[in-house]
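Trainee: pasting the sequence and the predicted model now:
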Amino acid sequence: MFRLHANDPLAPKAMNMLEESGLFEVTQEHLDKEELLKIIPDIEFLVVRSATKVTADILKAGTKLKVVGRAGVGLDNVDVSTAKELGIRVYNTPGANAISAAELTIGLLIALMRQIPRGTNGLKEGKWEKKKLKGHEIYGKTLGLIGFGAIGREVAKRALAFGMHVVAFDPYVENTDLDVELTKSVDDVLAKADVVSLHVPLTPRTLHILGEKEIEKMKDGAVIINAARGGVLDEQALYDALIAGKLAGAALDVFEVEPPVDELRRKLLGLPNVVATPHIGASTYEGQERVGIEMAKKLIEVAKE
Ligand code: NAD
């Protein structure tokens, strides 16, 4: 029996699969870093989602650690290179939450273009702001995707169904069956798009992939959506561009500081043309179940090796 600790919760079906496999002695509880460091020397399989930061010191203290399972796709919370050095295998669940993240992206886009949150808040305060809430159609607009992986493609399919034109840049994607124009550079996307949506992982190369210089190259009055990771968008540059009127709005599910309680993020969230959600892209019952089951299957497979 391997000792498996799920430091972030997995869907109940997935936890049952792990327990019923008979391969693991399972514990599930969110421990903070200090507490995790205390138990990690006895753990062989560590399972996390995005809340746990699997840093080098945790990995080094995990002298029996064989596997880190990241239920989800982004590996920015796991020190993958240290894990590799230590011979600890890292698995994620690519694609399993792509539909959830893509649906939220489209939801954010329409919420922003039609000012749905403002309409809701106004009504709840007893205000009938019909005249102030004239919006824009997304039909006929150009959506520019930076990153055309699992989520980018699901966003593209949905945007095409709404009658949008879609352009995308991804250095690792050369062709697609979808009616999407693949461009040669980020700049090509910036020049064409009315809406720029980010779908890249956070890595040293994608840090602030959309910053001051890039925003300058966007169309006047364009909008930005970030449901990828805080850090791929420079939020100071975004704030400045919104204040200057260069951009018409932004919709954000993720922030460089989470929760976004610092001064910059407070100011950003205070703008009327910013729509935001608290990092809920993957937070659906269906998505979490898919992610959890895929993770459980993978861990069972590895434990049987
Ligand atoms: P994916 O690996 O399928 O796709 C990412 C794509 O980005 C790849 O095709 C890759 O080639 C491309 N890419 C890498 N560097 C690039 C660059 N410099 N310029 C352009 N493209 C580049 O991953 P995915 O499932 O589509 O997820 C994308 C990201 O979305 C994840 O890494 C994660 O950080 C984020 N995400 C957020 C939520 C949320 O809750 N908001 C949920 C799921 C995923």
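Mentor: Received, thanks.

Trainee: any figure for the gap between the residue of the stretch 51-200 of the chain found nearest the ligand and Leu160?
Mentor: Relative to the ligand, the nearest point of the stretch 51-200 of the chain is Gly149 (1.7 Å; Cβ to the nearest ligand atom). The way it works is simple: take the backbone N, C-alpha and C, and place the C-beta from them, glycine included. Gly149 is 17 Å from Leu160, where distance means Cβ to Cβ, to the nearest Å.

Trainee: so if I had to pick from those two, which one is more boxed in?
Mentor: Set side by side, Gly149 and Leu160 show more neighbours around Gly149, with 18 against 15, by other Cβ atoms under 10 Å.

Trainee: mind checking how far that one is from Glu129?
Mentor: Per Cβ to Cβ, Gly149 is found 39 Å from Glu129.

Trainee: what about Gly245, how many neighbours?
Mentor: The local packing of Gly245 (other Cβ under 10 Å) involves 10 other residues.

Trainee: pLDDT score for it?
Mentor: pLDDT for Gly245: 98.

Trainee: show the backbone phi and psi for it.
Mentor: Backbone torsions of Gly245, given as degrees, to the nearest 10, read phi 80, psi 10.

Trainee: closest point of the stretch 201-305 of the chain to the ligand, which residue?
Mentor: Per Cβ to the nearest ligand atom, Gly281 is where the stretch 201-305 of the chain lies closest to the ligand, at 2.4 Å.

Trainee: please name the nearest non-neighbouring residue to that residue.
Mentor: Using Cβ to Cβ, 6 or more residues apart in numbering and skipping residues adjacent in sequence, the residue nearest Gly281 is Ala101, 4.1 Å away.

Trainee: for that neighbour, what are its contacts?
Mentor: Contact analysis of Ala101 by Cβ atoms under 8 Å, 6 or more residues apart in numbering lists 151, 154, 227, 281-282, 287.

Trainee: who wins for neighbours among those?
Mentor: Result: Ile151 is most packed of the contacts of Ala101 (other Cβ under 10 Å), 28 neighbours.

Trainee: list the contacts for it?
Mentor: 98, 101-102, 105, 199, 227-228.

Trainee: okay, these in TSV with distance to Ala51, pLDDT and secondary structure next?
Mentor: Below are the contacts of Ile151 laid out as TSV (distance: Cβ to Cβ, whole Å; pLDDT from 0 to 100; DSSP: H, G, I helix; E, B strand; the rest coil):
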residue	distance to Ala51	pLDDT	secondary structure
Ala98	20	97	helix
Ala101	17	98	helix
Ala102	22	98	helix
Thr105	22	98	helix
His199	22	98	coil
Ala227	18	98	coil
Ala228	17	98	coil
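
Trainee: in CSV, could you pull the C-alpha coordinates for stretch 267-286?
Mentor: Below are the C-alpha coordinates for stretch 267-286, written out as CSV (Å, rounded to 0.1, in the frame of the first residue of the first chain):
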residue,chain,number,x,y,z
LYS,A,267,-8.1,49.9,-8.2
LEU,A,268,-8.5,47.6,-11.2
LEU,A,269,-11.5,45.8,-9.8
GLY,A,270,-13.0,49.2,-8.9
LEU,A,271,-13.2,50.2,-12.6
PRO,A,272,-16.7,49.9,-14.1
ASN,A,273,-15.5,48.3,-17.3
VAL,A,274,-13.8,45.4,-15.5
VAL,A,275,-15.7,42.2,-15.0
ALA,A,276,-14.1,39.6,-12.8
THR,A,277,-14.5,36.2,-11.1
PRO,A,278,-12.4,34.6,-8.4
HIS,A,279,-10.4,32.0,-10.4
ILE,A,280,-13.4,29.7,-11.1
GLY,A,281,-12.4,28.7,-14.7
ALA,A,282,-12.2,25.0,-13.7
SER,A,283,-14.7,25.1,-10.9
THR,A,284,-17.6,23.1,-12.2
TYR,A,285,-19.0,19.8,-10.9
GLU,A,286,-18.6,18.2,-14.3
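
Trainee: that stretch - what's its average pLDDT?
Mentor: 97.

Trainee: surely Thr203 touches Asp76?
Mentor: Yes. Look at Thr203 against Asp76 with Cβ atoms under 8 Å: they come within range, at 7.4 Å.
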